[in-house]
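K.L.:
just need the structure, nothing else, for what follows:
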Amino acid sequence: MSTPPIPERNWVNIQWLARLRWAEIAGQAVTVLVGQFLLGGTLPIASLLAVIGIGLVSNLYIELYFFGDRRRGKPEPRPVHEWQIALVMMVDIAILTGLLYLTGGPHNPFAFLYLVQIALAAVLVRARWTWMLVGLSFVGFGILLVANQPVAIPEDSRVIGAWVALGVASAFVVHFLLRITGALAERERELTEARYLAARQERLAALATMAAGAAHELSTPLGTVALAAKELERALGNNPDLASDARLIREQVGRCRSILEQMAQGAGTVGEGVTSCTVGDLLDETLVGIREAPRVVREVPDDVAHSPLRLPPRAVSQALRSLVTNAQDASPATAAVLISARLETGRLALTIRDRGAGIASEVLGKIGEPFFTTKAPGRGMGLGLFLARAVIEGVGGSLQIDTGQGGTTVHVMVPTDVRAQPRAPVMESKSA
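P.N.:
From the prediction side, this is the model:
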């Protein structure tokens, strides 16, 4: 099951830069109009609005060029290069220089907005581009020192303007840095999650290969042992104790075969084809072959039971069956394992609750790792939860474990249509 690409750093940066530029354009327009009113119409309003229009047109181009394909439903975003981000910031510096040139040059209290551009450059682009933008800002301000259109600004208006400019610059810098830092942290979290999932899928593939090879190599000797044990059982019919031992050998050989088949099938069912079924059909298949005690109680409303699903039913039901079996193993024989289901937007939420003693905190973090089990020797290989998790995440679902003194609850979330939910979240474990 494919996963959508994680946005690269430059893509995240251009998104937030475009949003910031919309705020800048609106702020520039408001500032010019307010200044025109306060200064009695002495500003070159047409020229100022023309310069602001350059920023407006350039940001519209960014929206159409970089984000137009995504809005039209194309999954792959257009690649973003660092030089393109730097070029956009160069345009912003040129626009700021033009606005300051028309409104008093270095005497304009908004002149130190150059520092905002430099601060953003330090976050968005690498050092060489940052220094180029620093140099461009230095040159732009130097031009204003020798060439500008003077504007008579009263001293009290100049002080108020400096105060407003400080607030605007601070707000832009803090807001942008917080948002871009949060967006990049989210991207790093997604990368870590993807690497974690890829590592588990590699282990799953290795397990499938190992199981298939073991099944192939051991099929002949296991068959020979089973045949010999059957002949021994017949020959020792007059000796019940020895015949019982021969029968035990046959049963254990059958169990070995069953384990190998489950390992191979469980590790390979992620690739099963998607078919239609209902929630009730999925749960019926899940409960096939489970033990009678502890009993399993289903709490599924009729409307949910008849809801359609599109997923690989054999793989998902086998994963759920492993979870139900684990719940039975943890519960007393007189208690009941509870399965409940509900529908959310595009998702089926399943809950499997046992009445056992819970999971100790020192082993909670290891639950789900391959070949780790808390069961007695011979009761399990520690692969059931690992394979169940791999299948559920492979179809775009999630698995969460809550445990406490009253038992353990497994929350499973799977998409009602796996084609519409390709993302595979990571399993979480919580101690109540």
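K.L.:
please count neighbours and contacts with C-alpha atoms only from this point.
P.N.:
Fine.
K.L.:
how's this structure carved up into domains?
P.N.:
Following the assignment in automatic domain parsing, the chain carries domains at 9-153, 272-432.
K.L.:
with mean neighbour count added, can I get the ones you listed in CSV?
P.N.:
Formatted as CSV, the domains of the chain follow (neighbours: other C-alpha atoms under 10 Å):
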stretch, mean neighbour count
domain 9-153, 17
domain 272-432, 18
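K.L.:
which ones are touching the nearest residue to A111 once chain neighbours are set aside?
P.N.:
Sequence neighbours aside, L100 is the residue nearest to A111 in space, at 6.7 Å (criterion: C-alpha to C-alpha, 6 or more residues apart in numbering). With contact taken as C-alpha atoms under 8 Å, 6 or more residues apart in numbering, L100 is in contact with P106, N108, F110, A111, L144, N148.
K.L.:
hmm, the last one is touching G105, no?
P.N.:
Yes. Here N148 reaches G105: they are 5.2 Å apart, a contact under C-alpha atoms under 8 Å.
K.L.:
farthest-apart pair in the contacts of L100, please.
P.N.:
F110 and N148 (14.3 Å; C-alpha to C-alpha).
K.L.:
next, count neighbours for A169.
P.N.:
By the criterion of other C-alpha atoms under 10 Å, A169 has 18 neighbours.
K.L.:
pLDDT at it, what is it?
P.N.:
Confidence at A169, expressed as pLDDT, is 72.
K.L.:
likewise for the one 10 residues further on?
P.N.:
The per-residue pLDDT reported for R179 equals 73.
K.L.:
residues contacting it?
P.N.:
W16.
K.L.:
roughly how far does it sit from V57?
P.N.:
Per C-alpha to C-alpha, to the nearest Å, R179 is found 24 Å from V57.
K.L.:
and what of G394?
P.N.:
44 Å.
K.L.:
do the same with Q149
P.N.:
25 Å.
K.L.:
check G289 too.
P.N.:
According to C-alpha to C-alpha, G289 stands 66 Å off from V57.
K.L.:
go on, L133?
P.N.:
In terms of C-alpha to C-alpha, L133 sits 21 Å off from V57.
K.L.:
kindly report which residue of this protein is located farthest from the centre.
P.N.:
N238 (64.6 Å; C-alpha atoms, centre = their mean).
K.L.:
specify the local secondary structure of that residue.
P.N.:
When classified by DSSP: H, G, I helix; E, B strand; the rest coil, N238 comes out as coil.
K.L.:
what's it sitting at in phi/psi?
P.N.:
Phi and psi for N238, reported as degrees, to the nearest 10, are phi -80, psi -10.
K.L.:
got the contact list for it?
P.N.:
By C-alpha under 8 Å, 6+ apart, the contact set of N238 is empty.
K.L.:
next: I118.
P.N.:
T130, L133, V134, S137.
K.L.:
if we can go back for a sec, comparing the domains of the chain, which gets the lowest mean pLDDT score?
P.N.:
Among the domains of the chain, domain 272-432 scores lowest, at a mean of 79.
K.L.:
and that domain, how far from the chain's centre?
P.N.:
Centre-to-centre, domain 272-432 and its host chain are 21 Å apart (C-alpha atoms, centre = their mean, to the nearest Å).
K.L.:
and what of stretch 27-41?
P.N.:
Using C-alpha atoms, centre = their mean, the offset of stretch 27-41 from its chain centre is 45 Å.
K.L.:
the residue nearest to A111 should be in a strand, yeah?
P.N.:
No. If the criterion is three-state DSSP, then L100 is helix and not within a strand.
K.L.:
now the contacts of I118 as a markdown table including distance to A18 and secondary structure?
P.N.:
Formatted as a markdown table, the contacts of I118 follow (distance: C-alpha to C-alpha, whole Å; DSSP: H, G, I helix; E, B strand; the rest coil):
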| residue | distance to A18 | secondary structure |
| --- | --- | --- |
| T130 | 18 | helix |
| L133 | 18 | helix |
| V134 | 20 | helix |
| S137 | 20 | helix |
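K.L.:
for R257, which of the domains of the chain is the nearest?
P.N.:
That would be domain 272-432 among the domains of the chain, by C-alpha to C-alpha, at 13.8 Å.
K.L.:
circling back to that earlier point, closest to E299 out of the contacts of I118?
P.N.:
T130 (60.9 Å).
K.L.:
strands of the stretch 1-150 of the chain, start to end?
P.N.:
When assigned using DSSP state E, counting those that start in this stretch, the stretch 1-150 of the chain turns out to have no strands.
K.L.:
can you give me the helices in the stretch 1-150 of the chain?
P.N.:
9-38, 45-71, 82-102, 114-124, 127-146 (DSSP state H, counting those that start in this stretch).
K.L.:
for the stretch 151-300 of the chain, same thing?
P.N.:
Going by DSSP H, counting those that start in this stretch, the stretch 151-300 of the chain shows helices at 155-235, 240-268, 279-286.
K.L.:
please name the nearest non-neighbouring residue to A226.
P.N.:
R250 (5.2 Å).
K.L.:
how far away is the one you found from N108?
P.N.:
93 Å.
K.L.:
residues in contact with the residue lying closest to S244 once chain neighbours are set aside?
P.N.:
Of all residues beyond its chain neighbours, the one nearest S244 is E233 (7.5 Å), with distances taken as C-alpha to C-alpha, 6+ apart. Neighbouring residues of E233 by C-alpha under 8 Å, 6+ apart: L242, A243, S244, A246, R247.
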